[in-house]
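Q: Okay, predicted coordinates and the sequence, questions at the end:
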Amino acid sequence: MRFCQEEAKVLNGLRNCLSFALMAGLAATPALANPNTVADSVDAAVKSWMTTYNIADAEVAIALHQNLVGSYDHGWKPTERHPVASLSKAITGMCIAGMVDHKQLALTDTLGTVLAGYFQRNGGANEPKDPRFKTITIDELLTHRAGLEKNAFDDKNDHSVGASFKTATQATLDFDPGTTISYSDSGYLILGYVAQLLGGQAYAATCSKVFTEMGLAAHAGIIDDTLVARAPNGGWDISAEDYARFLYAFDKQSGVLGPVTRQWFDALPGNAGYAKGGGTPPTQAPCPRFSGKPSYGFGVCMKQTARGVQYYHDGLLHHHMPDYPKTGGSFFFVNEAGYAAVVIFSGENDGKTYGALEKSVIAAMTAKDAYGMPLEANSKGGITKPKQVQ
C-alpha cells in the first residue's frame, strides 16, 4: 500500500497507481484480452502437463479458423520463433500443393520425370542407386507410401537440402513404392528438393511463399541454422501464433487449396497402416494418436468423424540428430469446429512425456465445450455468430 501511495505522489494521482497495479496484475494473463473457454482449457492442460513432466518453457496459441482466441506465455512468448521439427512437413506440403495448383507439377508425376535433368547430369553419374527411386510419385511422397527408409540422408555430413537429397538417392528403398505405409522424413526432404528445383531458388525462399499467401509476413518462418540440411521435413522455426494462423490453409473456408489439391486431399483414403506400425521390415505409423483408419497428406494426419475432420501432427527434437544442441518438440491439433491448438516446448521428451501432452490437448479440444462456437466481432464492429457444428 505504501508503494501505491508513493507512486500516486510521483504520478500525481491515485488513478495512475491503480493503472500501474492493474498492468502488473495482467502480466501473467493470456496475450488476448477476451477469454475463450476452449483456449483456456487447452492452456490449463498444457500447464498441468508442464508441472508433471518438469517442462521448462513452452508457448501456446489457439485460433478459431485464422483468428487467434488464446495466446499464452510459459517462459516463451507465443510470438517467438522456435523449432517446430516435423510440423515443418505441413509447410512443405502446402508449398507443393501450390505448385500443383499452378500446374508446375502433377500429383501423379514420377521423380524420374520431374528430376530427369538432375539424373542426366555428369553423364548419368547422378542416377539413383535403386532404380525404383525414379518410379516414386509426388502422391506417394506426400502420403508416406514411397518405400523410403525414415532417414535416408546424413544429418552429420549433409549441410544443405541439395546435399541431403543427393545422399537420399543413394539409399536402397525398404519397400516397392505405393505398397506400404511408413513414416519417412526422407520423403518430405525429397519434396523440398523438388520445390527448390521447380522454384528456381533455395527451398526457404521458394516455400516461404505459403506464409504470404496466408496473409502472414514472409519471415513468419525461418530455417533453423543447425537444421538446414533437413529443412523441408524438420527445419522451420516459427511462433505458436503464426503456426496456428498458418493451419487455416487446410480449412475449406480458406480457399487456399485449389480445386485439384482440395479434391485430392478430401478424397484421401483411410488406412489402418497410418495408425499402427509393424511388419517386416518394420514400419513406423505416421498417425498413432488416431485410431481406426486415418489418412495423411500435405504433412498432416486426418481423421473423419461424425462432426467433420480432425487434423494433427507432432514434431520431436532429440539426440538422434548429431551436434544439435536443443531438445523439445511441438504439437498441433485442429478439431472439427475449426479450432487449432499449437504447443511448442523445450525439454527432454521421452515417449511417455510426449504422449501425455498430445492426449491432454486432444481431450481439451474434443470436449463438449470445444464445439460451441463463440460470438465474433465482424469487420463492421457488429457481432457475427458462426454456424454451430452439427
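A: Happy to help now that I have it. Here the structure is a predicted model, which means the values were calculated and not measured.
Q: Going by neighbour count, which residues in the longest helix belonging to the chain are buried?
A: The longest helix of the chain (DSSP state H) is helix 37-53. By 16 or more other Cβ atoms under 10 Å, the buried positions in helix 37-53 come out as 38-43, 45-46, 49-50, 53. For glycine as for every other residue, the C-beta is placed from the backbone atoms N, C-alpha and C.
Q: Now do the helices in the stretch 251-390 of the chain.
A: 259-266, 351-365 (DSSP state H, counting those that start in this stretch).
Q: how about CSV for those, with mean pLDDT, mean neighbour count and distance to residue 187 added?
A: Formatted as CSV, the entries for the helices of the stretch 251-390 of the chain read as follows, by pLDDT from 0 to 100; neighbours: other Cβ atoms under 10 Å; distance: least, Cβ to Cβ, whole Å:
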stretch, mean pLDDT, mean neighbour count, distance to residue 187
helix 259-266, 97, 15, 16
helix 351-365, 93, 18, 22
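Q: of all the buried residues of helix 37-53, which comes closest to residue 129?
A: Taking Cβ to Cβ as the measure, residue 129 sits nearest to residue 53 out of those, at 42.2 Å.
Q: Not including adjacent chain positions, what is the nearest residue to that closest one?
A: residue 353 (4.7 Å; Cβ to Cβ, 6 or more residues apart in numbering).
Q: ok, now which ones touch the one you found?
A: 53, 55, 347 (Cβ atoms under 8 Å, 6 or more residues apart in numbering).
Q: Residue 295: neighbouring residues, count only.
A: Residues lying near residue 295 (other Cβ atoms under 10 Å) number 23.
Q: Does it have any beta-bridge partners, and if so which?
A: Legend: beta-bridge partners of residue 295 under DSSP bridges are residue 302.
Q: Hmm, residue 275 and it touching each other?
A: No: at 10.1 Å, residue 295 does not count as touching residue 275 under the criterion of Cβ atoms under 8 Å.
Q: What's the separation between the residue nearest to the spatial centre of the chain and residue 285?
A: By Cα atoms, centre = their mean, the chain has its centre lying nearest to residue 87, at 2.8 Å. Using Cβ to Cβ, to the nearest Å, we find residue 87 at a distance of 17 Å from residue 285.
Q: Please apply the same query to residue 213.
A: Residue 213 is 31 Å from residue 285, by Cβ to Cβ.
Q: of those two, who's got more company?
A: residue 285 (21 against 15).
Q: What does the residue lying closest to the more buried one once chain neighbours are set aside show for phi and psi?
A: The shortest distance from residue 285 to any non-neighbouring residue, by Cβ to Cβ, 6+ apart, is to residue 277 (4.0 Å). Backbone torsions of residue 277, given as degrees, to the nearest 10, read phi -90, psi -180.
Q: mind checking how far residue 277 is from residue 198?
A: 32 Å.
Q: list the contacts for residue 251?
A: 65-66, 338.
Q: swap the cut-off to 10 Å and go again
A: Contact partners of residue 251, counting by Cβ atoms under 10 Å, 6 or more residues apart in numbering, are 65-66, 257, 309, 311, 334, 338, 340.
Q: Would you format the residues you listed as TSV with distance to residue 168 and neighbour count included?
A: As requested, the contacts of residue 251 are exported to TSV (distance: Cβ to Cβ, whole Å; neighbours: other Cβ atoms under 10 Å):
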residue	distance to residue 168	neighbour count
65	37	19
66	35	19
257	27	22
309	31	18
311	27	22
334	30	26
338	36	20
340	31	27
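Q: would you turn these into CSV with pLDDT and distance to residue 109?
A: Shown next, in CSV, are the contacts of residue 251 (pLDDT from 0 to 100; distance: Cβ to Cβ, whole Å):
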residue, pLDDT, distance to residue 109
65, 92, 32
66, 89, 31
257, 97, 18
309, 96, 27
311, 97, 25
334, 98, 29
338, 95, 32
340, 98, 31
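Q: which is the next helix or strand following the longest helix of the chain?
A: strand 57-64 (DSSP states H and E).
Q: Low-confidence stretches in the chain?
A: For the chain, the stretches with pLDDT under 70 are 1-34, 318-326, 349, 373-390.
Q: need the contact list for the residue lying closest to residue 284 once chain neighbours are set aside.
A: Among residues not flanking residue 284 along the chain, residue 183 sits closest, at 4.2 Å (Cβ to Cβ, 6+ apart). With contact set as Cβ under 10 Å, 6+ apart, residue 183 has these partners: 86, 89, 144, 148, 150, 274, 277, 283-288, 296.
Q: Format the residues you listed as CSV; extra columns: distance to residue 176.
A: Listed next are the contacts of residue 183 as CSV, based on distance: Cβ to Cβ, whole Å:
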residue, distance to residue 176
86, 25
89, 23
144, 14
148, 11
150, 17
274, 18
277, 18
283, 13
284, 17
285, 19
286, 18
287, 22
288, 24
296, 19
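Q: And those residues, which two are furthest apart?
A: 148 and 288 (19.1 Å).
Q: okay, these two: which has more neighbours?
A: It is residue 148, of residue 148 and residue 288, that has more neighbours when counted by other Cβ under 10 Å, with 29 against 18.
Q: Alright, I will stop here.
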